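Engineer: With the input below, show me the fold.
(2 chains)
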Amino acid sequence: MDETVDTPSAILASAAALLQQRTFEDVTYLDLSEASGVSERTIYRRFPTRSHLLESLARWIEAEHFPVPEFRTPAEFREAMRARFHAFEATPAYAFVAARGASLSPTAEAAETPLTAAIASMVTAAAPSLNRRDALRITAAVRCFASPLFWARMRTGFDMSADEIFEAFDAALRSVLPAASTAARAA
Amino acid sequence: MSDPGSAGELSTTQTAILSAYSELIEEVGTDDVSFRLIAARAGVGERTVFRYYPARVDLLLATSAWIERTVFSRPESESIFDVPLAIREAMEAYDRRPELAYVVAEAAMRGVNGAEPAPHRDRFEPMLRREVPSLDAQERRRIVASLCHLDSAATWVTMRRELGMSGRDIADAATWAAEAVLDPIRDRVG
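Structural biologist: Below you'll find the model as predicted:
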C-alpha cells in the first residue's frame, strides 16, 4: 500500500479492530501490518515506539467512538457525560485504551483536546466575571472528572456501573461548578 | 507475581529489580527498556527477572506499586479534612518526578488484577464514617470516589497534558477541588 495521508488512520483502525479480540499488549506491529496492508517499516516510521502507537490510538478511539456532542450549558454537558460513560461501558476495551493513552508521558506536542476547550468555554459562559485563575482551576477539575481515567478508576476501584459513575461525576460537578455561579454573583 | 501491590514482602533481589526499572524509566522511558538492561542495572541475571516477573505487565504493575510506596509515599492523613493538604503534597511530588507520575497513572488504568486504581479508598472510607456519621452510604461513596480520583497521578497527568498547567497551578487546583468536594459536609461533622 502506498503511503497516503490516510495511512495512519488505516493502521489505527486495524489496531482498534484487533482490540476486540486481544489486549493492546498482544497486538504486534506484524499483526498490524497484516491487518492494514501497510508495511511494518511504515508502521515503525509512523509510530516509533508502542507509546506513540498507544497515544495515537487513544486519540483516534476518542474521536471515532466517543465523540462528545456540542454543549454550551452545564445541563447539556451533564447529558453529554451521561452518554459518554454509557458508551465507555458498552465498549470497555476501547475505554481502557483511551484512559491509558491519555495518561502517557506525551510523545508529541500535546494539543488540548476539543473536550477541554468546550469545558473551558462552558465555565466561562456560566461565570463570565470569574478571574482567569479561578476559571482555570474549575475547568481543570471538571476535566479530570470527565476523563476516561475517572471512568476506569470508578469501574475497577469501586465496581461502579455507568449510572453510578455518572452519579459520582455529577456530585463532583455540583461541588466544583456551583462555585462558578457563586463567584459570579459575588463579583 | 499474583499480587504486585502487597507491601513488605519484597526480597532484596526484587527491590533491586524494581528500583533499576524505575531508574531506567526516568532515563529512557518505559518502552525502550529491555529485560536485559534491567537485569544488568539490578546486578542480577535476566532469568531472575523473568522468574519474578514473567510478563512485562507484571513488572510494570509491581514497579508502579513500589514507586507509590517509596518515591510518592507520604504521611497518612488523620482526618478526611486534611486530605486536601495531602493532595497538594502528592501533586508537588508528582511534579518533581514526572516520568514516574505518568507510569503510576497509566499502570492504574490497566483494568487488570494487580492494578491499584483507588489505593486510598480503604483509609478514606473509615475516616469519613467516623467524622461525618450522618452521611448515607451512597453520599459517602461518592465523596470517597471523588477524593480518590483527585488524590492520584491521573489528576496531575490530566491537568498537565490537557491544560498545560505548571506544578504549582496543578497543586492549587487539585487542593481547591478537594476542598470543594468536602465543603458541603463541613457543617455535618459530629
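Engineer: distance of the residue positioned nearest the centre of chain B from B:A62?
Structural biologist: In chain B, the residue lying closest to the centroid (C-alpha atoms, centre = their mean) is B:E68, at 4.8 Å. From B:E68 across to B:A62, the span is 11 Å (C-beta to C-beta, to the nearest Å). C-beta coordinates here come from the backbone N, C-alpha and C atoms, glycine included.
Engineer: So A:Q20 sits against A:A93, correct?
Structural biologist: Yes: counting by C-beta atoms under 8 Å, A:A93 is a contact partner of A:Q20 at 6.6 Å.
Engineer: out of these two, which sits in the more crowded spot?
Structural biologist: Applying other C-beta atoms under 10 Å in any protein chain shown to A:Q20 and A:A93 shows that A:A93 carries more neighbours, namely 16 against 9.
Engineer: just to confirm, which helix or strand has that one in it?
Structural biologist: For A:A93, the element it lies in under DSSP states H and E is helix A:92-101.
Engineer: Tell me the buried residues in the following helix or strand past that helix?
Structural biologist: For helix A:92-101, the following helix or strand on the C-terminal side (DSSP H and E) is helix A:114-126. Within helix A:114-126, the residues that count as buried by 16 or more other C-beta atoms under 10 Å in any protein chain shown are A:115-116, A:118-120, A:122-124, A:126.
Engineer: so the closest residue to chain A within chain B, which of the three states?
Structural biologist: Residue of chain B nearest chain A, by C-beta to the nearest C-beta: B:A118 (3.1 Å). Assigned with DSSP: H, G, I helix; E, B strand; the rest coil, B:A118 falls in the coil class.
Engineer: For the residue nearest to it when sequence neighbours are not counted, give me its contacts.
Structural biologist: Distances taken as C-beta to C-beta, 6 or more residues apart in numbering or on different chains place A:G157 nearest to B:A118, at 3.1 Å, with adjacent residues excluded. The neighbours of A:G157, taking C-beta atoms under 8 Å, 6 or more residues apart in numbering or on different chains as the test, are B:116-118, B:121, B:145, B:148.
Engineer: Which per-residue confidence value corresponds to A:G157?
Structural biologist: pLDDT for A:G157: 91.
Engineer: Which strand or helix spans it?
Structural biologist: Taking DSSP H and E as the criterion, the element that holds A:G157 is helix A:148-158.
Engineer: Where does chain A get nearest to chain B, which residue?
Structural biologist: For chain A, C-beta to the nearest C-beta, closest residue to chain B: A:G157, 3.1 Å.
Engineer: Okay, that residue and A:V38: tell me how far apart.
Structural biologist: 38 Å.
Engineer: can you check B:R69 too?
Structural biologist: 42 Å.
Engineer: These two: which has the busier surroundings?
Structural biologist: When B:R69 and A:V38 are compared for neighbours, A:V38 comes out ahead with 22 against 15, by other C-beta under 10 Å.
Engineer: got any ranges where the chain has weak pLDDT?
Structural biologist: The chain I'm using is chain A. A:1-5, A:109-111, A:179-187 (pLDDT under 70).
Engineer: ah, no, chain B please
Structural biologist: For chain B (pLDDT under 70), the answer is B:1-8, B:112-114.
Engineer: A:P48: which element?
Structural biologist: Using DSSP H and E, no helix or strand contains A:P48.
Engineer: same question, the one 3 residues further on
Structural biologist: Assigning secondary structure by DSSP H and E places A:S51 in helix A:50-65.
Engineer: cool, and B:R123?
Structural biologist: With DSSP H and E as the criterion, B:R123 is inside helix B:121-131.
Engineer: which helices and strands sit right next to that helix?
Structural biologist: If you count contacts as 3 or more C-beta pairs under 8 Å, 6 or more residues apart in numbering or on different chains; DSSP states H and E, helix B:121-131 packs onto helix B:137-150.
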